[in-house]
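Trainee: turn this into a model:
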Amino acid sequence: MVNKFNFRICIFALVIAISLFSTSDLYANNPDMFKIENVIVDIEAENAVIAKEKAIVKARKESFRKLAKKILNDTDFSNLKIPNDLTIGSMIRDFEITDEQASTTRYIGSMDFRYYPESVNSYFGQKKVKTVSETSKPVLVLPFFQTDRGTTLWLDYNPWRDAWKNNRSRDGLVQVYLPIGDLSDINDAPEDKLIGGDFESVEKLMNKYHVNDVVYFVANSTGQKGIKIFVYEFVSGRMEHTNTLNVNASTGPINGLYAQAVETAMGFLQDRWKREATGKSSRNLRTEISISFRTMRQWIDIQKKLRKVANISSQNIMSLDNDSARITIDYQGTESGLRSDLADLGLILGDRAESIKGSDGVKRLFYYLRLSR
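Mentor: Below is the predicted model of the structure:
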């Protein structure tokens, strides 16, 4: 006979395990940067063998085009010239035919390709083209659904949120997290406060899901005309409307339209990260930074390093004491890009931002900065 106490412990452990799985796996995607999946080709030739050979060559070129679109910014991609098959082949680590059909003169196949990162980066480096060679840090997406009756995130009926849950694309650059929407989320971040841009509520979600970036995607279905997606981002602790995305209606079912809208929103996040990672972001981040130092010589050294960051357009000293300073900088990019640029110069930005209330009553972010040695 099974001990009831042990049985209850087993059930409790199972519930905890399911909960942890939901948090870390079910709502997150971490794409393989140099893998291109589901390249479909359809070729006719004198016979099936020749058709298959031609199909593989065509698939290699298409996989390289898709890879370039993933890791290049829009300007560099628009100027791309696809190299010959021999050059592409030298960069391919391996490939797999995942599905194929053949007749006497026709071949249809679906293939996956994996590339050598060093070879790809070297190829574009010789052409003075900068690539995005790593995924972004996780972004927490809040998919609000807007109707005539109001705007909702947590309610059961939110087809926009369901579409994000069902999205399993792993071909992008951005790691996307979705909130689970449990009682903890609802209590920590009520809808009305999130909609009002209350940063304290947003911070609670950021802390829970261990992210430094949050994006609101507010979807408004326009019926037969499609979906409008209003994009809101937090700049120095203040919510700002930064973009509007339009998804045209198709002849398919409405859930297919929401899936298409998710891909459009993912494309926005990917383009944003590519601009940041290649140093061509138009996004201005105003950030307050608290700096501690031991000597004035060290303070001067930090100032010199900050002036070397190309994407910092301005910096202003707000206060200066014998062992600390508070400054404001304008950075063209996002917080993760700023962190990376500073690290290259031996400056470490604190892992988490703190929030302070300014003289105007508005909460803003500030970070601690220090020398790495």
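Trainee: where does the spatially most central residue of the chain fall, secondary structure wise?
Mentor: Nearest residue to the geometric centre of the chain (C-alpha atoms, centre = their mean): Val174, 2.7 Å. Under the criterion DSSP states H and E, no helix or strand holds Val174.
Trainee: can you pull the pLDDT of it?
Mentor: Listed pLDDT for Val174 reads 84.
Trainee: that one reaches Asp271, doesn't it?
Mentor: No: between Val174 and Asp271 there is no contact, the gap being 9.7 Å when judged by C-beta atoms under 8 Å. (Each C-beta comes from the backbone N, C-alpha and C, glycine too.)
Trainee: now do the contacts for Ile108.
Mentor: The neighbours of Ile108, taking C-beta atoms under 8 Å, 6 or more residues apart in numbering as the test, are Ile40, Val41, Asp42, Ile43, Ala55, Glu100, Gln101, Ala102.
Trainee: closest to Asn246 out of these?
Mentor: Nearest to Asn246 out of those is Ile40 (C-beta to C-beta; 27.2 Å).
Trainee: for Thr295, see how far away the residue nearest to the centre of the chain is.
Mentor: 41 Å (C-beta to C-beta, to the nearest Å).
Trainee: in stretch 58-76, what's buried?
Mentor: For stretch 58-76, a neighbour-count test (16 or more other C-beta atoms under 10 Å) marks 58-68, 70-73, 76 as buried.
Trainee: where does Glu46 land in three-state SS?
Mentor: Following DSSP: H, G, I helix; E, B strand; the rest coil, Glu46 is assigned to coil.
Trainee: need the CA coordinates for the helix or strand harbouring Met111. PDB is fine.
Mentor: Counting by DSSP H and E, the element that carries Met111 is strand 106-115. The C-alpha trace of strand 106-115 is given here as PDB (Å, rounded to 0.1, in the frame of the first residue of the first chain):
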ATOM      1  CA  ARG A 106      10.800  15.900 -61.100                       C
ATOM      2  CA  TYR A 107      12.200  16.300 -57.500                       C
ATOM      3  CA  ILE A 108      10.600  18.100 -54.600                       C
ATOM      4  CA  GLY A 109      12.500  18.300 -51.300                       C
ATOM      5  CA  SER A 110      12.700  20.100 -48.000                       C
ATOM      6  CA  MET A 111      16.200  20.600 -46.500                       C
ATOM      7  CA  ASP A 112      17.900  21.900 -43.400                       C
ATOM      8  CA  PHE A 113      21.400  23.500 -43.500                       C
ATOM      9  CA  ARG A 114      23.900  24.300 -40.700                       C
ATOM     10  CA  TYR A 115      26.800  26.700 -41.400                       C
END
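Trainee: i'd like the first residue to be 85 from this point on
Mentor: With the count now opening at 85, the last piece we talked about shows up as strand 190-199.
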